[in-house]
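*Asks:* The sequence and its predicted three-dimensional model are supplied below.
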Amino acid sequence: MAEAAVSFLLEKLADILEEINFQTNVRHEVVRLQDELTRMRCFLRDADAKQDDDARVLNWVSDIRNVAYDAEDLIDTFILRIDSVKKKKFIKKYASILKDWKHRSKIADELKAIQKRILDISESREKYGIKNIGDGISSTRERLRKQRRSSPRGEEKDIVGLDEDIAKLVTQLVQTEDQWHAISIVGMGGIGKTTLAKKVYNHADIQARFPTRAWVYVSQECSTKDILQDIIKQVAPTGQNLKKLREEELEEILYEHLRKKRYLVVLDDVWRIEDWNSLYEAFPTDRSNGSRVMLTTRKRSIALKADARSVPYDMHFLSEENGWTLFCKKAFIDSADSHRSPQLEEIGEKIVEKCAGLPLAIIVIGGLLSTKRNLGEWKRVLSNMSSFFAQDPNGVSAILALSYNDLPYYLKSCFLHLGQFPEDYPIPTNKLFRLWIAESLIPQQGERMEDVAEDYLNELIERNMVQVAKLSANERVKQCRLHDLLRDLSISNAKAENFHEIQGNQNTHPSARCRRQAIYSTFNWRQCKHPNPHLRSLLFFRVDHHKSQVNSYRQDPYKIEGSDLDYIGKSFKLLRVLELEGIPCTTIPSIIGLLIHLKYLGLKDTNLQELSSAIGSLRNLRTLDVAANLHLETIPNVIWKLKKLRHLYMCGHKYGGPLRIETLHHLQALSEINVEKWMQNNPTNLTNLRKLGIRGNFSLRATEIFNSIVALVQLQSLYLRTEDADFPSLTQLSALQNLIKLHMRGKIRQLPSSQEFPPNLSQLTLEHTHLKQASMTILENLPRLLILRLKTCSYDGEKMEISGFPQLEFLELHSLESLEELNLEEGAMLRLRSFRIINCGKLRMLPERTRSLSALRELDIEEMPKSFVDRVRGEDFYKVQNVPSILFV
């Protein structure tokens, strides 16, 4: 993580050299600092891996991280001082010039001091005998590797919940298809990949099908030569001294032997695609004799690259029932255990719940408790599970840490950042991306930063470090979460790195060097404030359900007063992120304007009533969110000054006074803005706008309004909500060539023809449009429509006939109060994968041709009458019996 701090500082130094007109001597010191940090960064990747083995390396890395943080603080403080000088009134002009000169001279001396510290740290590497950091393998990793080394022998006796997985994999391996395949078992550390692979490998059907079998443990310290030797010893004993042979010779021996056989080779614990590539050529893949290679890996990307034709087998967490069964097998060794009591079982159930379905955690904690029968001991374990896991150098925490240590530095920062979110908290990905950008965790390169952030998250998911909590209809990650034990790992590492700290139930004092704080509403922050000049991020989270019971914002115990915000402005002057969503704060005082480094200001749903015009001083702001504040009557006309703003979220109210935004050339998302305010601007300047939400009366200046929208050539997502009138003609929207997502709310008298919709439209959501059957004929002929949501009052007919939708993959019918009958004609919706019916109270049954939807994989029935549900489960079940997933809510 020191590598991340240094890399970020190097980017910052490059930026300030462009932005600030330094004196020659200051510029020289900045360049020298850049050069030395660049050299130092080369050693940090290896050093990070050795910290657990050597206290000297740990201290050396910590020194580098601290000096990088201090250099960053120095530069940001200098920028803050220069900014305050520029704001002085004219009568203080000459005094300000002198002060400016003093600040610029002072930073040169301070940079030299930083430079000397860096040189001292560099010299100490040799002085304390830690010169060759990159040599050899980490002893911690080597110990773990030996301890985890797998073989097909010695199967685990107490296996729970794998019978179905074993049956599926055995079938997949012995199926009649003779083409060669590589089949991968994928999942996070400790989920049971090796256990499952062993059961499959030793299955009678597998032994009969594959006369030639081999099992090798790969690990992070893979040696291709050793792996090849190991396989040869198992499948083709040659009598030769294999250690004397070159890698190419070993490869040829193995290939020639396997070419004549039907073989199964298991490669357990593959970490790098390079390791697979180095072994792949030794396996004959052109023989149609049903041979297989089976991999276990934590990384889905490796599975996909090993064999693009095979679907990776994803391991799932144990259900509560299976988790409890496994725990009992370990904790209560004898089923008639005389010490087993209802009190112990109650504690045990809570322990299993905290393991969140991870078999390794349940096995370890169950084994620990098998020797303890005192109720107090069990309670102590429940209260300190993460510390118990961390105590064992070969245990759960160490095994999970392998995945963390394998991350590149830029993903380590993102993973640690996720630990700030509360336990079991579904994290909205769009908000997460904005936070990562504001925290400078996403590099400013050629690609759009939001796209890079999404790539980073997807890579963490592919590595099984982050879980998908919710997918959008087009299968992008909408919400994510951390497994509880990975969250513990994130929090522990973040605290050690001074990356972030969480203030929750315990009234602990935060570190004076901590860079980020997450404040939970269960923590009395107002009485436990601590100034921290290093703080860069302050996130407030509402983690209780008290809000729904509070009658007014005035009675809310977590309300933040103006004095609290004054304290934040005075104490945390280098703040980059301030998130207050859901925490009442009726006013934002003018002191907010002093936080010139602020990049993210989250004020959503805070009952905000007054926003100071001082926000116009926040020239580095990327995100401003004041949505869901119904009492905010005015937004100061200073938004135009925020030239770096990328995301602006409002309520769509008319707001008093003008609202100029046409200067925001970097704006990516604007939602919602009132149509009157929109028309006060020249939208052709908003050249990067991709997402737009507008509400109001569109009929008064319809042609001008729609001309202004179609001028947005980058627009991909559009939300239109008409008020006080029906929608006028929508045919002008056909000019939006890049629009893929359209959401309309309000009555539509006449839909455009299929040819007059945006040509690349793939997602359409309609609300309160009051359409009739004739409109369905238009919609079902949209050539690229993949997702259709018909929500409240969007369709008024009692009967709906569907005969088209050739590309449609997702259909949602939500709160269609008049709908009684739904019919599908032959050939309709043949590609439909997901079908949701929600709160359509009069709908009597599923259409007969539902059984013809061969691509249908998901059917969700929510808030429907009992008679409808009973019919689907009973006499109409034949219509859906082939649908893999049917959900009733």
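*Replies:* Good, I have the coordinates.

*Asks:* so where's the stretch 101-250 of the chain shaky on pLDDT?
*Replies:* 101-105, 128-150, 154-155, 176 (pLDDT under 70).

*Asks:* So which residues of it form helices?
*Replies:* Assigned by DSSP state H, counting those that start in this stretch, the helices in the stretch 101-250 of the chain fall at 139-148, 163-174, 193-201, 204-209, 224-235, 247-258.

*Asks:* wait, which of those is closest to R857?
*Replies:* helix 163-174 (16.7 Å; CB to CB). (Glycine included, C-beta is placed from N, CA and C.)

*Asks:* mind listing the strands in the stretch 651-800 of the chain by residue range?
*Replies:* Residue ranges of the strands in the stretch 651-800 of the chain, as given by DSSP state E, counting those that start in this stretch, are 669-674, 691-696, 717-722, 741-745, 763-767, 787-790, 799-802.

*Asks:* Now tabulate these in a markdown table and tack on mean pLDDT, distance to V452 and mean neighbour count.
*Replies:* As requested, the strands of the stretch 651-800 of the chain are exported to a markdown table (pLDDT from 0 to 100; distance: least, CB to CB, whole Å; neighbours: other CB atoms under 10 Å):
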| stretch | mean pLDDT | distance to V452 | mean neighbour count |
| --- | --- | --- | --- |
| strand 669-674 | 96 | 16 | 21 |
| strand 691-696 | 97 | 17 | 22 |
| strand 717-722 | 98 | 19 | 20 |
| strand 741-745 | 98 | 21 | 20 |
| strand 763-767 | 98 | 23 | 20 |
| strand 787-790 | 98 | 25 | 22 |
| strand 799-802 | 96 | 40 | 17 |
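
*Asks:* Give me the distance between R81 and K599.
*Replies:* 19 Å (CB to CB, to the nearest Å).

*Asks:* Between the two, which is the more surrounded one?
*Replies:* The neighbour count for R81 versus K599, taken as other CB atoms under 10 Å, is higher for K599 (25 against 17).

*Asks:* Quick check, pLDDT for that one.
*Replies:* Turning to K599, the model gives it a pLDDT of 98.

*Asks:* What spatial separation is found between it and T623?
*Replies:* 7 Å.

*Asks:* Between those two, which contacts overlap?
*Replies:* 437-438 (CB atoms under 8 Å, 6 or more residues apart in numbering).

*Asks:* hang on, the earlier thing: any chance of the strands of the stretch 651-800 of the chain in CSV with distance to N781 as columns?
*Replies:* Shown next, in CSV, are the strands of the stretch 651-800 of the chain (distance: least, CB to CB, whole Å):
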stretch, distance to N781
strand 669-674, 29
strand 691-696, 26
strand 717-722, 21
strand 741-745, 16
strand 763-767, 13
strand 787-790, 12
strand 799-802, 12
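
*Asks:* So which of those is nearest S151?
*Replies:* Minimum separation from S151 across the strands of the stretch 651-800 of the chain (CB to CB) falls at strand 787-790, 48.5 Å.

*Asks:* mind checking how far the most far-flung residue of the chain relative to its centre is from I206?
*Replies:* Largest separation from the mean C-alpha position in the chain: G239, at 52.2 Å (CA atoms, centre = their mean). The gap separating G239 from I206 is 28 Å, by CB to CB.

*Asks:* likewise V543?
*Replies:* 48 Å.

*Asks:* Now stretch 248-265 - C-alpha only, PDB.
*Replies:* Provided in PDB are the C-alpha atoms of stretch 248-265 (Å, rounded to 0.1, in the frame of the first residue of the first chain):
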ATOM      1  CA  GLU A 248      10.900 -28.500 -23.100                       C
ATOM      2  CA  GLU A 249      11.900 -32.100 -22.700                       C
ATOM      3  CA  LEU A 250       9.500 -32.700 -19.800                       C
ATOM      4  CA  GLU A 251       6.800 -31.100 -21.800                       C
ATOM      5  CA  GLU A 252       7.400 -33.500 -24.700                       C
ATOM      6  CA  ILE A 253       7.500 -36.600 -22.500                       C
ATOM      7  CA  LEU A 254       4.200 -35.700 -20.900                       C
ATOM      8  CA  TYR A 255       2.500 -34.800 -24.200                       C
ATOM      9  CA  GLU A 256       3.600 -38.000 -25.900                       C
ATOM     10  CA  HIS A 257       2.200 -40.100 -23.000                       C
ATOM     11  CA  LEU A 258      -1.100 -38.300 -22.600                       C
ATOM     12  CA  ARG A 259      -1.700 -38.300 -26.400                       C
ATOM     13  CA  LYS A 260      -2.400 -42.000 -26.200                       C
ATOM     14  CA  LYS A 261      -4.700 -41.800 -23.100                       C
ATOM     15  CA  ARG A 262      -8.000 -40.500 -21.900                       C
ATOM     16  CA  TYR A 263      -6.700 -38.400 -19.000                       C
ATOM     17  CA  LEU A 264      -7.900 -36.100 -16.200                       C
ATOM     18  CA  VAL A 265      -5.400 -33.700 -14.700                       C
END
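
*Asks:* residues of that stretch that come out buried?
*Replies:* 250-251, 253-254, 257-258, 261-265 (16 or more other CB atoms under 10 Å).

*Asks:* which one among these gets closest to R27?
*Replies:* Among the buried residues of stretch 248-265, and counting by CB to CB, the member closest to R27 is E251, at 55.4 Å.

*Asks:* So the closest one sits against A282, correct?
*Replies:* Yes: using CB atoms under 8 Å, E251 makes contact with A282 at a distance of 4.5 Å.

*Asks:* ok, the longest strand seen in the chain: who's next to it in the sheet?
*Replies:* The longest strand of the chain (DSSP state E) is strand 263-270. Strand 263-270 has the following strand partners under DSSP bridges: strand 212-217 (parallel), strand 292-297 (parallel).

*Asks:* looking at those strands, which is closest to W525?
*Replies:* Nearest to W525 among the strands paired with strand 263-270 is strand 292-297 (42.8 Å), distances taken as CB to CB.

*Asks:* between that closest one and helix 193-201, how big is the angle?
*Replies:* With axes from the mean of the first three to the mean of the last three CA atoms, to 10 degrees defining the directions, strand 292-297 sits at 160 degrees from helix 193-201.

*Asks:* From the contact counts, what lies against whatever helix or strand comes next after strand 292-297?
*Replies:* The helix or strand immediately downstream of strand 292-297 is helix 300-306, counting by DSSP states H and E. Secondary-structure packing of helix 300-306 (3 or more CB pairs under 8 Å, 6 or more residues apart in numbering; DSSP states H and E): strand 181-186, helix 273-280, strand 292-297, helix 449-462.

*Asks:* out of these, nearest to K112?
*Replies:* Short answer: helix 449-462, nearest of the helices and strands packed on helix 300-306 by CB to CB, at 34.0 Å.

*Asks:* any residues touching the closest one, and which ones?
*Replies:* Residues outside helix 449-462 that contact it (CB under 8 Å, 6+ apart): 299-301, 407, 410-411, 414-415, 429, 432-433, 436-437, 441-443, 445, 466-468, 476-477, 480, 668.

*Asks:* Before I go, just wanted to say thanks for your time.
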